[in-house]
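Enquirer: Pasting a predicted model and its sequence here:
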Amino acid sequence: MTLTPLVYWAQRHEEIYLRVELTDAVNIGVQVRENVLQFQALGHGAKGQHQYEFRLEFLLPVKSEVSHKSTQRQVNITVRKEQRGWWERLTVQERKPAFLAPDFNRWLEESDAEMEIREKEEKRNRLKAVRHTEEGFVSLKTSFLFVYNLVQFLGFSWIFVNMTVRLFIFGQDSLYDTFHTISDVMFFCQILASVEVLNAAFGFVRTGVIPTLIQVVGRNFVLFIIFGSLEEMQHRPVVFFVFYLWSAIEIFRYPFYMLRCFNTKWKTLTWLRYTVWIPLYPLGVLAEAVAVIQSIPIFVQTKLFSIPLPKAIGTSISFSHVLHAYLILMFLGLFINFRHLYKQRKKQFQTKKRKTH
Ligand SMILES: CCCCCCCCCCCCC[C@@H](O)CC(=O)SCCNC(=O)CCNC(=O)[C@H](O)C(C)(C)COP(=O)(O)OP(=O)(O)OC[C@H]1O[C@@H](n2cnc3c(N)ncnc32)[C@H](O)[C@@H]1OP(=O)(O)O
């Protein structure tokens, strides 16, 4: 005698769901041929552990591909309708088979099913809109970074080329008027470089805020406080060395970033960006330290930026104390950034090795 399991059903506009009440079902066979579904499996049903079977002739055409998933408690079958629509019943015969019942867990009336479709569509449209906005934001961010890097590249290239040409034409004399020929563009580039701290802080670029802050604050301190505020410093050769060392790295760093905006890398440029800093960074810090040391007697003499103390004490705190503290900070900054750049270098070249294998 053939045993039939209990089967619960529900529909949507495009699918039929069947839930077969069999626990621990094995040897499950489900086929759909000419709109007739045949099911057989061995499992524990209403009549105990047996072979169970049933057959359903659908009201309207269905696709022959059928999917089923079994859990410990049941077998779930999904059949796709050939044509989208709402069926008035499941089977061709008007009388419902005794083993078949509506699945009230999934049951929906036609209007509710339509609402469900509409909700799904709305959700899909919302997701599409979010993706669209995100894509717009990404392309805006990329354009912004590209333009920023381009402007910095042009600025630092101008500085580097101008200083090199002047060195060739005027020789040693060019060392003494670097500030007057270069400072405007350097001021512009270094003020603009503050954007890099914001880029790091807002996550526009994958980098740490601290190394960027050290870099930007460190350079701007030397540029505005040491060179900018002391005319006596502006004619010294140290300005040439500081500006030349700063711009020598930037003419590789910014074009490297420009390519990264398009997820591109050029091997030689990547190597230069992550190698040239090894000699340049300590030399740059050394040149900046020389500038700070040279400025100390001038600050003492001119009392510029000194902090006046109450009249009863009758003296003031010289800015030179701040500069002494800054000299220590500089070497701390050098250590932090050198370690950071070393890690970045390792990351770049390790990734590359992994990719080529
Ligand atoms: C808290 C304040 C305390 C102040 C204390 C003051 C202490 C003073 C110490 C001063 C020492 C400074 C000395 C210095 O002025 C001397 C010199 O500069 S000498 C010249 C040599 N210098 C250099 O080589 C340094 C150049 N500068 C830098 O490299 C960066 O400024 C630095 C922050 C140090 C490192 O950069 P970053 O962290 O960004 O590393 P990456 O370049 O590897 O970038 C990481 C990823 O982000 C992407 N990125 C970064 N920026 C951009 C951008 N603008 N556009 C697009 N993409 C960007 C980059 O591509 C990397 O991503 P991916 O790995 O996918 O490529």
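Expert: That came through, no problem. What you see is a predicted model; the values in this text were computed from it and never measured.

Enquirer: you'd agree P97 is in a helix?
Expert: No. Using DSSP: H, G, I helix; E, B strand; the rest coil, the assignment for P97 is coil, not a helix.

Enquirer: Can you find the residue of the stretch 101-250 of the chain that comes nearest to the ligand?
Expert: The stretch 101-250 of the chain approaches the ligand most closely through G218 (2.6 Å), counting by Cβ to the nearest ligand atom. Where you see a C-beta, it was placed from the backbone N, CA and C, and this is true even at glycine.

Enquirer: Excluding chain neighbours, give the residue nearest to that residue in space.
Expert: Computed as Cβ to Cβ, 6 or more residues apart in numbering, the closest residue to G218 that is not its neighbour in sequence is G333, at 5.5 Å.

Enquirer: Quick check: the one you found touching V216?
Expert: No. In this structure, G333 is not within contact of V216 by Cβ atoms under 8 Å, at 11.1 Å.

Enquirer: List the buried residues for stretch 266-281?
Expert: For stretch 266-281, burial by neighbour count (16 or more other Cβ atoms under 10 Å) applies to L269, T270, W271, L272, R273, Y274, W277, L280, Y281.

Enquirer: Identify, by residue count, the longest helix of the chain.
Expert: In the chain, taking DSSP state H as the definition, the longest helix is helix 110-170.

Enquirer: chain center to that one: distance?
Expert: In terms of Cα atoms, centre = their mean, to the nearest Å, the centre of helix 110-170 is found 12 Å from the chain centre.

Enquirer: Tell me if the helix or strand just after that helix is near the ligand.
Expert: Counting by DSSP states H and E, the next helix or strand C-terminal to helix 110-170 is helix 178-192. No. Residues of helix 178-192 are not located near the ligand by Cβ under 6 Å from any ligand atom, the shortest gap being 9.7 Å.

Enquirer: Residues touching whichever helix or strand comes after helix 178-192, excluding its own?
Expert: Using DSSP H and E, the helix or strand that follows helix 178-192 towards the C-terminus is helix 195-201. The contact list for helix 195-201 (Cβ atoms under 8 Å, 6 or more residues apart in numbering) reads L145, Y148, F204, V205, T207, G208, V209, T212, L213, Q215, V216.

Enquirer: Setting the sequence-adjacent residues aside, check what's closest to the third one.
Expert: In this case it means F204. Nearest residue to F204 in three dimensions, chain neighbours excluded: K141, at 5.9 Å (Cβ to Cβ, 6+ apart).

Enquirer: I'd say that neighbour and G203 touch.
Expert: No. Applying Cβ under 8 Å as the test, K141 and G203 come out as separate, 10.0 Å apart.

Enquirer: ok, those two, which is more surrounded?
Expert: Taking neighbours as other Cβ atoms under 10 Å, K141 and G203 compare with K141 leading, 16 against 10.

Enquirer: The nearest residue to R219 once chain neighbours are set aside and F243, how far apart?
Expert: When the adjacent residues along the chain are set aside, R219 lies closest to Q190, with 5.7 Å between them (Cβ to Cβ, 6+ apart). To F243, Q190 is 10 Å away according to Cβ to Cβ, to the nearest Å.

Enquirer: out of these two, which sits in the more crowded spot?
Expert: F243 (25 against 19).

Enquirer: Wait, that one touches T164, no?
Expert: No. In this structure, F243 is not within contact of T164 by Cβ under 8 Å, at 11.4 Å.

Enquirer: Can you report how many residues lie near the closest residue to R73 other than its chain neighbours?
Expert: Nearest non-adjacent residue to R73, counting by Cβ to Cβ, 6+ apart: T23, 5.4 Å away. Around T23 there are 14 other residues, counting by other Cβ under 10 Å.

Enquirer: so what's the residue of the stretch 101-250 of the chain closest to the ligand up against?
Expert: Residues near G218 by Cβ under 8 Å, 6+ apart: E288, M330, G333.

Enquirer: Look up phi and psi at the second one.
Expert: When quoted as degrees, to the nearest 10, the phi and psi of M330 stand at phi -60, psi -40.

Enquirer: Would you mind listing what in the stretch 51-200 of the chain touches the ligand?
Expert: Residues of the stretch 51-200 of the chain lying near the ligand by Cβ under 6 Å from any ligand atom: L145, N149.

Enquirer: Any stretches of the stretch 51-200 of the chain with poor pLDDT?
Expert: For the stretch 51-200 of the chain, no stretch is flagged by pLDDT under 70.

Enquirer: Noted, bye for now.
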